[in-house]
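> Show me how the following folds:
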Amino acid sequence: MTTVAAPSRKQALSKIACNRLQKELVEWQVNPPVGFKHNLTDNLQRWVIEVAGAAGTLYANETYQLQVDFPEHYPMEAPQVIFLHPAPLHPHIYSNGHICLDILYDSWSPAMTVSSVCISILSMLSSSSIKQRPADNDRYVKNCKNGRSPKETRWWFHDDKV
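A predicted model of the protein is given here:
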């Protein structure tokens, strides 16, 4: 069963964010990234995207769901992206679905799109040589009780092997 986390913000999207997301949605429908399927809803502020593990990787024949919540000032501010339960076993993905990936935080650029984020996440999954949780998974997840957003975490990006 899939659970959906509360949105990170209650504010409505700005006009700029709405225009940008509508443009990205049209582009997605015309040219979707390989291995992804957007489950269309009437909620422009939250997208649920199916991710198919790439052939020839540890995640081949597996499917996961990403939840993408867009902040009021997207694309100037990064979306919140998490895996819905069950999250894949990966050294940079916590059991609560939080993803340790620099482009979602410190390295975000307004030039990035939902498609480019999805491709980066699939690349991260595909390059993994082991299926395991981060070493600090239990401690981190315990500290994230009560709906804490991954954007409230001070991530330390030090592992470029996975």
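> Read off the pLDDT value for the residue nearest the centre of the chain.
Note on the chain: the residue nearest the mean C-alpha position is Val81, at 2.9 Å, using Cα atoms, centre = their mean. If you check Val81, the pLDDT there is 96.
> and it, what are its bridge partners?
Listed by DSSP bridges, the beta-bridge partners for Val81 are Val68.
> show me the contacts for it.
Leu66, Gln67, Val68, Asp69, Ile99, Leu104, Val117, Ile121 (Cβ atoms under 8 Å, 6 or more residues apart in numbering). Just so you know, the C-beta spots here come from the backbone N, C-alpha and C atoms, and that holds for glycine as well.
> Please identify which of those is nearest to Glu50.
Leu66 (8.0 Å; Cβ to Cβ).
> Run through the residues that contact that closest one.
By Cβ under 8 Å, 6+ apart, the contact list for Leu66 reads Val48, Ile49, Val51, Val81, Ile82, Phe83, Leu84, Cys118, Ile121.
> how about 10 Å then?
Leu66 sits next to 36, 38, 47-51, 81-84, 87, 97, 99, 114, 117-118, 121-122 when contact means Cβ atoms under 10 Å, 6 or more residues apart in numbering.
> For it, pull up the helix or strand it's in.
strand 63-69 (DSSP states H and E).
> By neighbour count, which bits of that strand are buried? Give me those.
Residues of strand 63-69 classed as buried by neighbour count (16 or more other Cβ atoms under 10 Å): Tyr64, Gln65, Leu66, Gln67, Val68, Asp69.
> hmm, back to that, farthest pair in the contacts of Val81?
The two members of the contacts of Val81 with the most space between them (Cβ to Cβ) are Asp69 and Ile121, at 14.9 Å.
> Surely Cys18 touches Tyr74?
Yes: assessed by Cβ atoms under 10 Å, Cys18 is found in contact with Tyr74 at 9.2 Å.
> Show me which of the two is the more surrounded one.
More crowded of Cys18 and Tyr74, by other Cβ atoms under 10 Å: Tyr74, with 22 against 15.
> Phi and psi next, for that one.
phi -60, psi 140 (degrees, to the nearest 10).
> May I ask you to confirm that it is in contact with Gln11?
No: assessed by Cβ under 10 Å, Tyr74 is found out of contact with Gln11, at 11.1 Å.
> Give the residues shared as contacts by the two.
The contact sets of Tyr74 and Gln11 overlap at Ala17, Gln45 (Cβ under 10 Å, 6+ apart).
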